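# Sequence below, structure please.
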Amino acid sequence: MGKMHMMQLIEVNKMSYTKNNYPHYFYKQWHHPDDYGKRIEKTWVVRKGGSTIETAIKTKTTFGEKPFIECTERHEYLDKADKSSIDTTKMHSNTSEVGGDLMVKYFGGLNERRPPDVLMKDKDLVEVFFTDKWFCEKQKHFPVSPSKNYWGTVLEPYMRWTSSKSAMMEYWRNNIRDELMDVDIIFEPFTIMGRNMIGTPSHSMDDESKNETYVLSKYKLRKNVIPYKENLVDCFASKIKRWSHNGKVEDYLDKVVRDLRRIEVYFIKKGLEPVYFNMDRDDYTETFGFDKNELPRDQTHPGDYPERDQYEQIAKDYISKRNMRDMRRRGRKYDWI
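Take a look at the predicted model:
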C-alpha cells in the first residue's frame, strides 16, 4: 500500500523513479527502451575511505514478468518463499513486516544481514551488489539486501557529509542532482536537497543552502504529493510492526505523526502546494498518472501476522488516548501533537 506498491505500479507503467538507501547511496531506475521485461538501475556509491563517487548499472526484472536471467542454483530461501502462502513480492521486499521469520532464519535480523564470505571472497562489492556480474552467485548465497550496518562498513555515508568534505558535496549536487530529479517519481525528495529529516534542532527549516534553494525551484514545477492514511488503526499497527522497541510506543507513534506534520509545515514555509493522497481510497491513476492500475490496493499490505491483534489493540488505545482523528496537521486541534 506504500512505497513498494508505488514501485510496482511505476514498473508496470514503464515509468522512472529515484530513491535512496540513506545515507549510503542514491539510485535511479527506468524502463529498458526495447524490452518491457527489463528495468535499468543506476546507483551512485562511494567506497569506504574514498572520496570519489562511482556509478554502477544493473538490470532488474519488471514486476510481474519472468526473470530474464536463469540461474542453475539458488538459495533454499527462494524455494521456501515460492512455496509460501505469502506473496513472494512481499517476501523479497526486505521489510520486517512480511516473511520476517523466514528471512531471520536464513540471513539474520534486519540489522544483522551481511553477505557470507563464500559470496564476497575475491570479488568487488560494487560489482556484486550494483551490477549483473555476480547475479547468479547472489541468488545462490545471499538473495536479499544487506543491512545498513553492513553498508556502513564498506561504503561512505556521503549523504551526511558536511563542511569537512564540502567540495565533494558540491560536486555531487552540481553534477548529479539534475539527473536524480529527471524522473517521473522522486521518493524521499528531501535528501536531494541535503536534508534527511525536516525541522531537526541542528537543521531548522529556516536554514536553506544554495542547493536546497535550487532543488526547491525545480520541485515547485512538479506535483508534490503528501501521502497519508485515514485508517489510523491499520497505519499505527503496521508502524508498531517495524518498531525497534526502544523507548515508549506512544513516543514512537507521536514521532510518526509529528514527522508527517513537519512536512506540511515545510510546504507552507517554502511555498510548495501539497497534493494530499489518501492511501486507503484515493485514485492512483488520477494522482500519479498511471495508465495501468489493476493491482489490488492491499497488494503489499502485510496481511495477517501473529501479533496483528495485539498491535491493533495498542493502536486503538493510542488513538483513544491522544484523541487522534487525522494524521495531518489539521488533527492537531484534537491531539496537540
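
# just the helices in the stretch 201-337 of the chain please.
Ranges of helices within the stretch 201-337 of the chain are 210-219, 232-242, 249-270, 284-288, 308-322, 332-335, based on DSSP state H, counting those that start in this stretch.

# Just say which of those is most tucked in.
helix 232-242 (a mean of 20; mean count of other Cβ atoms under 10 Å). Quick note: C-beta positions are derived from backbone N, CA and C, even for glycine.

# contact partners of that one?
Residues from elsewhere that reach helix 232-242 (Cβ atoms under 8 Å, 6 or more residues apart in numbering): 95-97, 229, 249, 252-253, 256, 280, 302, 305, 307-308, 311-312, 314-316, 318-319, 324, 327.

# change it to 6 Å
With contact meaning Cβ atoms under 6 Å, 6 or more residues apart in numbering, helix 232-242 is reached by 96-97, 229, 253, 256, 311-312, 314-316, 319, 324.

# for stretch 171-188, same thing?
By Cβ under 6 Å, 6+ apart, the surrounding residues in contact with stretch 171-188 are 10, 15-20, 26, 53, 192, 211, 218.

# Only the buried residues of that stretch, if you could.
172-173, 176-177, 180-181, 183-186 (16 or more other Cβ atoms under 10 Å).

# okay, those residues in CSV with distance to residue 105, pLDDT and secondary structure next?
Output for the buried residues of stretch 171-188, formatted as CSV (distance: Cβ to Cβ, whole Å; pLDDT from 0 to 100; DSSP: H, G, I helix; E, B strand; the rest coil):
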residue, distance to residue 105, pLDDT, secondary structure
172, 39, 67, helix
173, 42, 67, helix
176, 39, 90, helix
177, 41, 92, helix
180, 37, 95, helix
181, 40, 96, helix
183, 36, 98, coil
184, 37, 98, coil
185, 34, 97, strand
186, 35, 97, strand
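
# Residue 334 is in contact with residue 323, correct?
Yes: at 4.8 Å, residue 323 counts as touching residue 334 under the criterion of Cβ atoms under 6 Å.

# Let me have the contacts of helix 232-242 in CSV, adding distance to residue 223 and pLDDT as columns.
Formatted as CSV, the contacts of helix 232-242 follow (distance: Cβ to Cβ, whole Å; pLDDT from 0 to 100):
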residue, distance to residue 223, pLDDT
96, 31, 36
97, 28, 38
229, 20, 96
253, 29, 96
256, 24, 94
311, 33, 96
312, 33, 96
314, 35, 97
315, 31, 97
316, 34, 98
319, 30, 97
324, 28, 95
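
# Let me know the closest of those residues to residue 158.
residue 96 (26.0 Å; Cβ to Cβ).

# Give me the buried entries from the contacts of stretch 171-188.
10, 15-20, 26, 53, 192, 211, 218.

# in this structure, what secondary structure element scores lowest on mean pLDDT?
helix 88-91 (a mean of 42; mean pLDDT, DSSP states H and E).

# Pull out the C-alpha coordinates of the helix or strand that comes right after that helix and format them as PDB.
As assigned by DSSP states H and E, the chain's next helix or strand after helix 88-91 is helix 100-107. This file holds the C-alpha atoms of helix 100-107, laid out as PDB (Å, rounded to 0.1, in the frame of the first residue of the first chain):
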ATOM      1  CA  GLY A 100      10.300 -11.800   8.600                       C
ATOM      2  CA  ASP A 101      10.700 -15.200  10.300                       C
ATOM      3  CA  LEU A 102      11.900 -16.800   7.100                       C
ATOM      4  CA  MET A 103      14.500 -14.100   6.500                       C
ATOM      5  CA  VAL A 104      15.700 -14.200  10.100                       C
ATOM      6  CA  LYS A 105      16.100 -17.900   9.900                       C
ATOM      7  CA  TYR A 106      18.400 -17.800   6.800                       C
ATOM      8  CA  PHE A 107      20.000 -14.300   7.000                       C
END
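
# Output the strand or helix carrying residue 10 in PDB, but only the C-alpha positions, please.
Residue 10 belongs to helix 3-12 when assigned by DSSP H and E. This file holds the C-alpha atoms of helix 3-12, laid out as PDB (Å, rounded to 0.1, in the frame of the first residue of the first chain):
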ATOM      1  CA  LYS A   3       6.300   2.600  -1.400                       C
ATOM      2  CA  MET A   4       6.500  -1.000  -2.500                       C
ATOM      3  CA  HIS A   5       3.000  -0.700  -4.100                       C
ATOM      4  CA  MET A   6       4.100   2.500  -5.800                       C
ATOM      5  CA  MET A   7       7.200   1.000  -7.200                       C
ATOM      6  CA  GLN A   8       5.200  -1.900  -8.600                       C
ATOM      7  CA  LEU A   9       2.800   0.500 -10.300                       C
ATOM      8  CA  ILE A  10       5.700   2.500 -11.700                       C
ATOM      9  CA  GLU A  11       7.200  -0.500 -13.200                       C
ATOM     10  CA  VAL A  12       4.100  -1.900 -14.900                       C
END
